[in-house]
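1. dropping the sequence and predicted coords here.
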Amino acid sequence: MLVREIMTDKPVTAELTSAIRSVMELMYSEDVRHLPIVEGDRLVGIISERDLRSLSMPIQNYLDNPGDAAKQLDDPISSIMRGDVISIEADDTLDSLIDIMLETKIGAVPVVESGTETLIGIASYIDVLESVRSTL
């Protein structure tokens with residue numbers, strides 16, 4: 001089975017210059033845990049719920065300096081995204097995808113067009129489980 005057979009086409013994305021606040025709102029409204037970051041159609045990063053949790057500061061800091069917390073949310077997503085994105089091509093095998101996920105302990109892998117950085121999909125552990133379930 002190929003990655004293209006299980007991936008989610010046309011994933012929800014955010015632009016490199018999007019504010020952290022708008023990315024958080026987008027992830028919440030679209031109910032996604034991983035969001036590819038693009039510049040045009042080129043994959044340049046990824047952000048996960050886990051990455052966003054790392055933004056949290058002690059509650060006392062929020063209470064003492066609410067403006068600082070609000071200001072941080074206006075920073076571009078590029079300031080906290082992971083730029084060293086692990087991706088896979090659509091014609092790679094499901095086995096390869098699973099190996100990547102297990103070796104790197106990541107829950108979603110952006111799918112790029114063969115030989116490019118053009119984002120065409122995303123494959124998550126949910127997509128993998130659904131594909132396996134359909135064969136049982």
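-> Received, thanks. Numbering: from 1, shown residues only.

2. residue boundaries of the helices in this structure?
-> Using DSSP state H, the helices of the chain run over residues 3-6, 20-30, 49-53, 59-64, 66-73, 94-104, 125-135.

3. highest mean neighbour count out of those?
-> Neighbour counts (mean count of other C-beta atoms under 10 Å) averaged over each of these peak at helix 3-6, with a mean of 18. Just so you know, the C-beta spots here come from the backbone N, C-alpha and C atoms, and that holds for glycine as well.

4. what helices and strands are in contact with it?
-> helix 94-104, strand 119-124, helix 125-135 (3 or more C-beta pairs under 8 Å, 6 or more residues apart in numbering; DSSP states H and E).

5. mind putting these into a markdown table with distance to Ala14?
-> Below are the helices and strands packed on helix 3-6 laid out as a markdown table (distance: least, C-beta to C-beta, whole Å):
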| stretch | distance to Ala14 |
| --- | --- |
| helix 94-104 | 22 |
| strand 119-124 | 11 |
| helix 125-135 | 20 |
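
6. of these, which is nearest Lys71?
-> strand 119-124 (29.8 Å; C-beta to C-beta).

7. between the two ends of stretch 4-24, how far is it?
-> For stretch 4-24, the first-to-last residue distance is 27 Å (C-alpha to C-alpha, to the nearest Å).

8. returning to what we had before: among the helices of the chain, which is nearest Gly40?
-> Here helix 20-30 is closest among the helices of the chain (C-beta to C-beta), at 17.1 Å.

9. quick one on the thing from earlier: using JSON lines, lay out the helices of the chain together with mean pLDDT.
-> JSON lines is the format used below for the helices of the chain (pLDDT from 0 to 100):
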{"stretch": "helix 3-6", "mean pLDDT": "96"}
{"stretch": "helix 20-30", "mean pLDDT": "94"}
{"stretch": "helix 49-53", "mean pLDDT": "85"}
{"stretch": "helix 59-64", "mean pLDDT": "61"}
{"stretch": "helix 66-73", "mean pLDDT": "71"}
{"stretch": "helix 94-104", "mean pLDDT": "96"}
{"stretch": "helix 125-135", "mean pLDDT": "91"}
